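**Student:** sequence and computational prediction follow.
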Amino acid sequence: MKEPSVTVGILSEAKIDFIFNGTYMHGNQPVEGAQKACIEQGRIGWNGHLYDQLVFTPQQAGHSFCLKGVTIGVKFHWERREDLTFKGSLKLIVENDRITVINKLGIEEYLLSVISSEMSATASPELLKSHAVISRSWLLAQIRKNKALVGKKPISTIRTGDTLLRWYDREDHDRFDVCADDHCQRYQGITRASTVTVAEAIEATRGEILTCDGEICDARFSKCCGGVMERFSSCWEDIDHPYLVARRDGRNEHDFPDLRVEENARRWIYASPEAFCNTSNETILSQVLNNYDRETTDFYRWRVTYTQQELSALIREKSGIDFGEIVDLIPIERGTSGRLIRLQIQGTRQTLTLGKELEIRRTLSPSHLYSSAFVVERESVVDGIPQRFVLRGAGWGHGVGLCQIGAAVMGEKGYNYQEILLHYFAGASIEKLY
């Protein structure tokens, strides 16, 4: 099988500034240097003309283009703008009166950036190989899923009575395969410094994917599971893959309590149980976390405090619903890692049960809570109204599939990449696709 290509949505703005590093072709015309494009009369204005779309292809494989002021970490606590440089072709299209920038390139070149963007390019070889396989698997699974969804709009919101369930997965992208931010996989072109070790890890696993029952695995990953892995259905559609199951992130994979039970979840979150991802080793963390990720210092166990006024205003702003004063946050359903799937918000004006995992995290934070595995402490209660809420939590991210920090520790302990993968993806097989 020939190596597939991938289309990546980078950003969407009313105005785009970009620079060609080398010669690109627009049709039969060579283009070089600084360029500007903007929306004019619902079309793309560039070089004195209006276009429905623009496609620029590099004349040589080593040529690249730089996009100015790309927002990375969208709606996360470390959101910022950076100038990013990419290889491959550049396509501009019109979507909702904005210009969407799409980059097309080969999957292996794409992975070279993803591995360096998702973590430090100085990570251990076995961790890099593991991530190359899961990133390749996840990408190919999404491309196949996209083809199956052509002409269909996936359901990602369910509203019934006083319950709202919403998840975020494939509903946003129908003009390209994946986006460049954490919604899919971080992809920051050749801006993030890569290394010979990254290139060697990708080449050593070239074409390798995870499969289960003849299908490519939807190989998810997050920063830190918090000690136990989560199921797929806790975060996305109500389906569960046999290779994404609850396991302890440690040597004894079956040694963990049923964290769907509230009392067990509270004890687990208040404690700091042994797990691969329970580490403060700076050498290991520096392999996994880029500079902006390291702005997060507590992730295995963490704490967030809000006053009544802060929490009421935050929930009103993020949900668009005026609950009045917040009376309580009540866990309704937890997943296998202790993450909340459904949380009831009780206010003096109304009550709503909210889910799934990411919707809860978005509603209870100016950016995102580190995870939805948390317990709530109500403090200084006056006439039934708490004046302060303390959220004590575990883990960073959705907790499904590979735990990046746990995998980094496994690599340091001498596990090879096959052992790391089969720890996080139960019963899967590693196969060479091309």
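**Tutor:** On my side now, so go ahead.
**Student:** low-scoring stretches of the protein, by residue?
**Tutor:** Along the chain, segments meeting pLDDT under 70 span 73-79, 119, 121, 149-151, 170-172, 183, 192-193, 290-297.
**Student:** at 50 what do you get?
**Tutor:** Residue ranges of the chain with pLDDT under 50: none are present.
**Student:** longest helix in it, by residue count?
**Tutor:** If you go by DSSP state H, the chain has its longest helix at helix 125-148.
**Student:** tell me how far the nearest residue to Ser272 once chain neighbours are set aside lies from Thr191.
**Tutor:** Excluding its sequence neighbours, the residue lying closest to Ser272 (C-beta to C-beta, 6 or more residues apart in numbering) is Arg301, at 5.5 Å. The way it works is simple: take the backbone N, C-alpha and C, and place the C-beta from them, glycine included. Separation of Arg301 from Thr191 (C-beta to C-beta, to the nearest Å) stands at 33 Å.
**Student:** re earlier: just checking, what packs against the helix or strand following the longest helix of the chain?
**Tutor:** For helix 125-148, the following helix or strand on the C-terminal side (DSSP states H and E) is strand 157-160. Identification of packing neighbours for strand 157-160 by 3 or more C-beta pairs under 8 Å, 6 or more residues apart in numbering; DSSP states H and E yields strand 163-166.
**Student:** quickly run through the sheet partners of the strand it packs on, with directions.
**Tutor:** Applying DSSP bridges to the sheet, strand 163-166 is found paired with strand 157-160 (antiparallel), strand 351-355 (parallel).
**Student:** check contacts around the residue nearest to Phe299 when sequence neighbours are not counted.
**Tutor:** Excluding its sequence neighbours, the residue lying closest to Phe299 (C-beta to C-beta, 6+ apart) is Trp396, at 4.0 Å. Going by C-beta atoms under 8 Å, 6 or more residues apart in numbering, Trp396 touches Ser222, Lys223, Cys224, Gly226, Thr296, Phe299, Tyr370, Ser371, Ile405.
**Student:** which of the residues you listed has the most neighbours?
**Tutor:** Counting neighbours by other C-beta atoms under 10 Å, the top entry in these is Gly226, with 35 neighbours.
**Student:** for the spatially closest residue to that residue that is not a sequence neighbour, what are its contacts?
**Tutor:** Sequence neighbours aside, Gly395 is the residue nearest to Gly226 in space, at 2.6 Å (criterion: C-beta to C-beta, 6+ apart). Counting by C-beta under 8 Å, 6+ apart, Gly395 touches 222-227, 277, 299-300, 337, 339, 370-371, 373.
**Student:** closest one of the residues you listed to Ser120?
**Tutor:** Minimum distance to Ser120 across the contacts of Gly395 is 12.6 Å, recorded for Lys223 (C-beta to C-beta).
**Student:** okay, and the beta partners of the residue lying closest to that closest one once chain neighbours are set aside?
**Tutor:** Among residues not flanking Lys223 along the chain, Trp396 sits closest, at 4.0 Å (C-beta to C-beta, 6+ apart). Beta-bridge pairing for Trp396 (DSSP bridges): Cys224.
**Student:** and Trp396, how far is that from Gln404?
**Tutor:** Trp396 is 9 Å from Gln404, where distance means C-beta to C-beta.
**Student:** same check on Thr100?
**Tutor:** Distance of Thr100 to Gln404, given as C-beta to C-beta: 29 Å.
**Student:** more neighbours: which of the two?
**Tutor:** When Thr100 and Gln404 are compared for neighbours, Gln404 comes out ahead with 26 against 19, by other C-beta under 10 Å.
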